[in-house]
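In: From the sequence below, what's the structure:
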Amino acid sequence: MKLSHFQFDLPVELLAEYPAEIRDESRLMVVNRKTKTIEHKMFKDVIDYFDTGDVFILNNTKVFPARMFGNKEKTGARIEVFLLRELNAEQRLWDVLVDPARKIRIGNKLYFGEDESLVAEVIDNTTSRGRTLRFLYDGSYEDFRMKLLQLGETPIPKYITRELNDEDAERYQTIYAKEEGAVAAPTAGLHFSKHLLKRLEIKGIEFAEVTLHVGLGTFNPVEVEDLSKHKMDSEELKIKQDACDIVNSAKAKKHRICCVGTTSMRAIESAVSSKGTLNTFEGWTNKFIFPPHEFSIADAMITNFHTPKSTLLMMVSAFCGHDLMKEAYKQAIEEKYKFYSYGDAMLII
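Out: Numbering: from 1, shown residues only. This next block holds a predicted model:
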């Protein structure tokens, strides 16, 4: 398949600027791969498609306040700094994006906070917008991390053009977020309320948690027609033994395994054994899933509606089947489903 197979016209008004008022009352499109049928439901109806012993795989990553604003030495120019990943805790080295990048060169210093108590020096250029910063801070490592939390903002998707409000920081986390390290939320999980999780638990659904720290690379547009030449950025992944036990036991008993989100799917597809079972994992993955791809573990997936030419759309196509995915998206646009992070959801079974 080529990049051009994933182009479609997405009306701007279908990009969700606000989340649903109640998490589980967004809309849900249910796509059945066997019968090739499409149903229109509410997200809380997802419970009707699963039974005792089925498993939901959740990505428990937590978004950290990665967006900071500093001032350049001498000129005082306001610079946005987006923390991507910590490279060295001892030396306080971070991989970041800067904007506007043309103003930021090796050797420049940036000052953060009204009292300028945090300073960073640019020590390397990594990409056109990428830089390596060394933070200079008098205090312990714990104090330094606390300072980053104080000065940072939770990054909300760029397409949201309205003013951010206090609710955004809370709404842009899943209710089961635990392990801090993502720069963007695993958005399929934003649809779950505490009440819905409790109802699923009472029905006998089990939950297996994995941790994939979502990076900005997930959202990088694909720019090559030949998909096999696209390179994904690496993202940190941890899968523990208890998650493997839950998933492998359910799979052996022929229960349904549902990945909540493309990040959960990438996580488990990065850690499949030769026997088709889930292995523990601790490291980094740059797995790119696009058609054709044989999925080893999950037989259901919950996901949001994605933008044209995105790697997320390509994974959905691989799981759903391209023609059925195209029909689902055609209906989503006709029925005015909301797209992207705060949008509506799709269940593929």
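In: by contact count, what packs against the lengthiest strand in the chain?
Out: Identified as the longest strand of the chain according to DSSP state E is strand 78-88. Counting contacts by 3 or more Cβ pairs under 8 Å, 6 or more residues apart in numbering; DSSP states H and E, strand 78-88 is packed against strand 67-72, strand 93-99, strand 109-112, strand 130-136. In short, each C-beta sits where N, CA and C put it, glycine included.
In: The residue nearest to residue 152 when sequence neighbours are not counted: how many residues sit nearby?
Out: Leaving aside its sequence neighbours, residue 152 sits nearest to residue 65 (Cβ to Cβ, 6 or more residues apart in numbering; 3.0 Å). Counted by other Cβ atoms under 10 Å, the residues lying close to residue 65 total 17.
In: Not counting the longest strand of the chain itself, show me its contacts.
Out: Strand 78-88 has contacts (Cβ atoms under 8 Å, 6 or more residues apart in numbering) with 64, 66-72, 93-100, 103-104, 110, 112, 120, 130, 132-133, 148, 152, 155, 183, 215-216, 236.
In: list the buried ones in that strand?
Out: 79, 81, 82, 83, 84, 85 (16 or more other Cβ atoms under 10 Å).
In: can you check stretch 17-36 too?
Out: Of the residues in stretch 17-36, 19, 20, 23, 24, 26, 27, 28, 29, 30, 31 count as buried by neighbour count, 16+ other Cβ under 10 Å.
In: Residue 302 is in contact with residue 46, isn't it?
Out: Yes: with contact defined as Cβ atoms under 8 Å, residue 302 reaches residue 46; the gap is 7.0 Å.
In: what do the two both touch?
Out: Common neighbours of residue 302 and residue 46 (Cβ under 8 Å, 6+ apart) are residue 347.
In: Tell me the backbone dihedrals of residue 159, please.
Out: Backbone torsions for residue 159, taken as degrees, to the nearest 10, come to phi -70, psi -20.
In: what does residue 207 give?
Out: phi -120, psi 130.
In: okay but it is in contact with residue 58, surely?
Out: Yes: between residue 207 and residue 58 a contact is recorded at 5.8 Å, counting by Cβ under 8 Å.
In: So these two - more neighbours on which side?
Out: residue 58 (27 against 16).
In: what's the spatially most central residue of the chain in contact with, if anything?
Out: The chain has residue 186 as the residue nearest its centroid, 3.4 Å off, counting by Cα atoms, centre = their mean. Neighbouring residues of residue 186 by Cβ under 8 Å, 6+ apart: 59, 61, 174, 212, 214, 260, 261, 263, 264.
In: just the buried members of those?
Out: Buried among the contacts of residue 186 (16+ other Cβ under 10 Å): 59, 61, 174, 212, 214, 260, 261, 263, 264.
In: Turn those into a markdown table, including pLDDT, distance to residue 247 and secondary structure.
Out: Putting these into a markdown table (pLDDT from 0 to 100; distance: Cβ to Cβ, whole Å; DSSP: H, G, I helix; E, B strand; the rest coil) gives the following:
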| residue | pLDDT | distance to residue 247 | secondary structure |
| --- | --- | --- | --- |
| 59 | 98 | 14 | strand |
| 61 | 97 | 18 | strand |
| 174 | 96 | 19 | coil |
| 212 | 97 | 15 | strand |
| 214 | 92 | 21 | coil |
| 260 | 98 | 13 | strand |
| 261 | 97 | 15 | coil |
| 263 | 97 | 16 | helix |
| 264 | 98 | 11 | helix |
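In: ok, so of the residues you listed, who is nearest residue 166?
Out: residue 174 (18.1 Å; Cβ to Cβ).
In: Leaving out chain neighbours, which residue sits closest to that closest one?
Out: Residue 174 sits nearest to residue 189 (Cβ to Cβ, 6+ apart), 3.6 Å away.
In: can you count the residues close to that neighbour?
Out: Burial measure for residue 189: 24 neighbouring residues, criterion other Cβ under 10 Å.
In: repeat for residue 338
Out: 22.
In: hang on, isn't it packed against residue 12?
Out: No: contact criterion Cβ under 8 Å: residue 338 and residue 12 do not qualify, at 11.9 Å.
In: mind checking which helix or strand of the chain has the lowest mean pLDDT?
Out: helix 166-171 (a mean of 82; mean pLDDT, DSSP states H and E).
In: Now do the buried residues in it.
Out: Neighbour-count burial for helix 166-171 flags 168, 171 (criterion: 16+ other Cβ under 10 Å).
In: hey, C-alpha coordinates of that helix in PDB?
Out: In PDB, the C-alpha atoms belonging to helix 166-171 read as follows (Å, rounded to 0.1, in the frame of the first residue of the first chain):
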ATOM      1  CA  ASP A 166      -7.600  24.400  33.700                       C
ATOM      2  CA  GLU A 167      -9.800  21.500  32.800                       C
ATOM      3  CA  ASP A 168      -7.600  20.600  29.800                       C
ATOM      4  CA  ALA A 169      -4.800  19.400  31.900                       C
ATOM      5  CA  GLU A 170      -7.100  17.000  33.800                       C
ATOM      6  CA  ARG A 171      -9.200  15.900  30.700                       C
END
